[in-house]
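1. Pasting the sequence and the predicted model now:
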Amino acid sequence: MTKDLPELVQAGVITPQTADDIRAYYAAKAVQAPNRLLLVSGILGALLIGLGIILIIAHNWDDLSRSVKTMLVFLPLLISQGLAGYTLFKKRTSSAWRESTATLLFFSVGATMALVSQVYHIPGNLSSFLLTWMLLCLPLVYLLSSSFASLLYLAGITLFALESGFGSYDSNLAYGYWPLLLLLVPYYRQLFLLRPNSNVAVFHHWLLPLSLLLGLTTLLHATQEVLFIAYMSLLGIFSLVGNTGTLKDLPLRSNGYLFLGYLGSAGVLLAFTFKLLWVNVSRFEIVFLAPELIAAILLTGAAVALLLYKWQKRQGLHPMEYVFLFFILFFALAHVSVIAATILTNILVLAIGLYTIRAGARKDSLGLLNLGLLFITALILLRFFDSNLSFVMRGLLFVLVGTGFFFANFFMLKKRNTYEA
């Protein structure tokens, strides 16, 4: 890349300063690749070493005395802590050392807890085990500034939420998910401000909204139907956040907020095109101070505030960013007329599909065009199983949609070829 620089300088094409800048750029780029490879290798190495130690110990476990078992249980933890201490004082600037030692210590803590419980027959359940494990490992995220430990912690508290919400049905314990999540917010904020487009930040952009969606299940109580409002408002927040600021410039595959917000909202709307769901909604009774109702009020308020902020900034709004307002309106309408709520939901889905098709045509985007067509196809497919139409009429509908796919793509490609010519 740099071998032609002297010739370019001699010919007067570039200045010597520019040549030095180019050399520095490629030198820095060459250094980054091995560091990234070393980072991945370190994390994988730590995982393999930990698994290997566990397998070796497990093979001879029954033949060992209790005292020997205890020593072996704490040995990996002590080694991991020693490596973590060495990293803090000697290798703090090395991301490979920080990430690998944090990963090794993270799993060592969990393995030590599980094996001590097995050796001394300490009673407990998976929820309390996960809670203790995550609290013990949270300091690793901040002390070693480890993004991988942060991801593991986020996955762990999500499993804790699901287990305590569905496995043990201990609602009081399940609520512990929310303070556990708040403890990670300072690190995520720092990561978002300093490295918003890095790979570890992208992983957080996916795992955090997924965790929030699953974490809402901890609020299931007496008025479960109201939780649909909370979910739609949360998905609206994801859509608004994912289409604002730094996240807006990320490709869709790296923007978990936008992807989950749009896809989740579409999925809920398509599910509510069925009359049965609105029938269940019309029968529920409001329980004041129920966790679902509080969550729905708070999330809806936050979504409306974000919507107003974006509207005041004169930023463009996609229908999926404010569709939660229509859903709340239909939710209230279902108590008056289930049929009206069902029909309006189907019309809303159709309108969003047509809007997406129009947006794809205006932006000359085959992706958006086909997404809108897929949205309408999904609606027709659901009605295929939910209506009294004859097979001939159903077949004609699919033929019409298929024809629409063909001609829409044909005219879009023809339009492109015309412009290129």
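-> Arrived safely.
2. buried sites along the strand or helix carrying A340?
-> Assessed by DSSP states H and E, A340 sits inside helix 338-362. Using 16 or more other C-beta atoms under 10 Å as the test for burial, helix 338-362 gives 338, 341-342, 344-346, 348-349, 352-353, 355-357, 359-361. C-betas here are computed from N, CA, C, even on glycine.
3. So which elements touch the helix or strand hosting W178?
-> For W178, the element it lies in under DSSP H and E is helix 177-182. Helices and strands touching helix 177-182, by 3 or more C-beta pairs under 8 Å, 6 or more residues apart in numbering; DSSP states H and E, are helix 126-143, helix 147-162, helix 199-215.
4. Can you name the residues in contact with the second one?
-> By that I understand helix 147-162. For helix 147-162, contacts defined as C-beta atoms under 8 Å, 6 or more residues apart in numbering pick out 43, 99, 102-103, 106, 127, 130-131, 133-134, 137-138, 140-141, 174, 176-177, 180-181, 184, 187-188, 191, 200, 203-204, 207-208, 210-211, 214-215, 217-218.
5. Of these, grab the buried ones for PyMOL.
-> To isolate the buried subset of the contacts of helix 147-162 in PyMOL, counting by 16+ other C-beta under 10 Å, use the following:
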select buried, resi 43+99+102+103+106+127+130+131+133+134+137+138+140+141+174+176+177+180+181+184+187+188+191+200+203+204+207+208+211+215+217+218
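6. what about the helix holding W178, average pLDDT?
-> With pLDDT averaged residue by residue, helix 177-182 scores 94.
7. How about stretch 253-262?
-> 89.
8. spatially speaking, which residue is in the middle of this protein?
-> Centroid check for the chain by C-alpha atoms, centre = their mean gives W206 as the closest residue, at 2.6 Å.
9. Model confidence score at D386, please.
-> On the pLDDT scale, D386 is placed at 67.
10. wait, I meant L151
-> Value listed for L151 in the pLDDT field: 94.
11. then stretch 224-231 to CSV, C-alphas only?
-> The C-alpha atoms that make up stretch 224-231 are tabulated as CSV, following Å, rounded to 0.1, in the frame of the first residue of the first chain:
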residue,chain,number,x,y,z
GLN,A,224,-51.9,-9.9,31.8
GLU,A,225,-53.7,-8.4,28.8
VAL,A,226,-52.5,-4.9,29.8
LEU,A,227,-48.9,-6.1,29.3
PHE,A,228,-49.6,-6.0,25.5
ILE,A,229,-49.8,-2.2,25.8
ALA,A,230,-46.5,-2.2,27.7
TYR,A,231,-44.9,-4.4,25.0
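12. buried stuff in it?
-> Buried, per 16+ other C-beta under 10 Å, within stretch 224-231: 225-231.
13. just stretch 110-120 next, same as before
-> Buried residues in stretch 110-120, counted by 16+ other C-beta under 10 Å: 110-113, 115, 119.
14. Mind checking which of these land in helices?
-> For these, the ones inside helices are 110-113, 115, 119, with DSSP state H as the criterion.
15. Looking at these, which is nearest L235?
-> G110 (32.4 Å; C-beta to C-beta).
16. if you average pLDDT over the helix or strand following the helix holding W178, what comes out?
-> Per DSSP H and E, the first helix or strand lying C-terminal to helix 177-182 is helix 185-194. Mean per-residue pLDDT for helix 185-194: 90.
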